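Peer 1: got a sequence here, can you model it:
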Amino acid sequence: MGKSRYWFAAKELGWGWGWPLAWQGWLTYAAAAVLLVAGFVMFPPAADPVLSFACNVGVVLLVLIVCWLKGEPLR
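Peer 2: Numbers count the residues shown, from 1 in each chain. I've put the predicted structure just below:
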């Protein structure tokens, strides 16, 4: 088990990562979905659009950081 295993596959075409390759990747995507829904409930866009937007951007940035650290190198 000394071999490094990626959580996310790099896209064949374009830039970024696609479907997860490991359960940790699926867990990352599931946690992001839960955080996005929780952010929508806690900070409704109609009540405070700036805070809602900031929450969404934060979740997306966290997912991108995890993909960058644990995903295949980009082509």
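
Peer 1: so what does the helix or strand hosting residue 28 touch, helix or strand wise?
Peer 2: Under DSSP states H and E, the secondary-structure element containing residue 28 is helix 23-42. Contact analysis of helix 23-42 by 3 or more C-beta pairs under 8 Å, 6 or more residues apart in numbering; DSSP states H and E lists strand 17-20, helix 49-70 as its packing neighbours. All C-beta spots, glycine's among them, are computed from the backbone N, C-alpha and C.

Peer 1: confirm residue 9 sits in a strand?
Peer 2: Yes: Residue 9: assigned to a strand according to DSSP: H, G, I helix; E, B strand; the rest coil.

Peer 1: got a list of what it touches?
Peer 2: Going by C-beta atoms under 8 Å, 6 or more residues apart in numbering, residue 9 touches 17, 18, 19, 20, 21, 71, 72.

Peer 1: does the fourth one touch residue 6 like I think?
Peer 2: Okay, so that is residue 20. No: if you go by C-beta atoms under 8 Å, residue 20 and residue 6 don't touch, sitting 9.3 Å apart.

Peer 1: of those two, who's got more company?
Peer 2: Under the criterion of other C-beta atoms under 10 Å, the comparison of residue 20 against residue 6 puts residue 20 first, with 20 against 17.

Peer 1: residue contacts, the more buried one?
Peer 2: The contact partners of residue 20, taken as C-beta under 8 Å, 6+ apart, are 7, 8, 9, 26, 28, 29.

Peer 1: could you flag which of the residues you listed are buried?
Peer 2: The neighbour count (16 or more other C-beta atoms under 10 Å) marks 7, 8, 28, 29 as buried among those.

Peer 1: would you turn the residues you listed into TSV with distance to residue 38 and pLDDT?
Peer 2: Below are those laid out as TSV (distance: C-beta to C-beta, whole Å; pLDDT from 0 to 100):
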residue	distance to residue 38	pLDDT
7	22	93
8	23	94
28	16	96
29	15	96
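
Peer 1: tell me the centre residue of the chain?
Peer 2: The geometric centre of the chain, computed from its C-alpha atoms, lies nearest to residue 63 (C-alpha atoms, centre = their mean), at 2.5 Å.

Peer 1: quick one: it and residue 12, what's the gap?
Peer 2: Separation of residue 63 from residue 12 (C-beta to C-beta, to the nearest Å): 20 Å.
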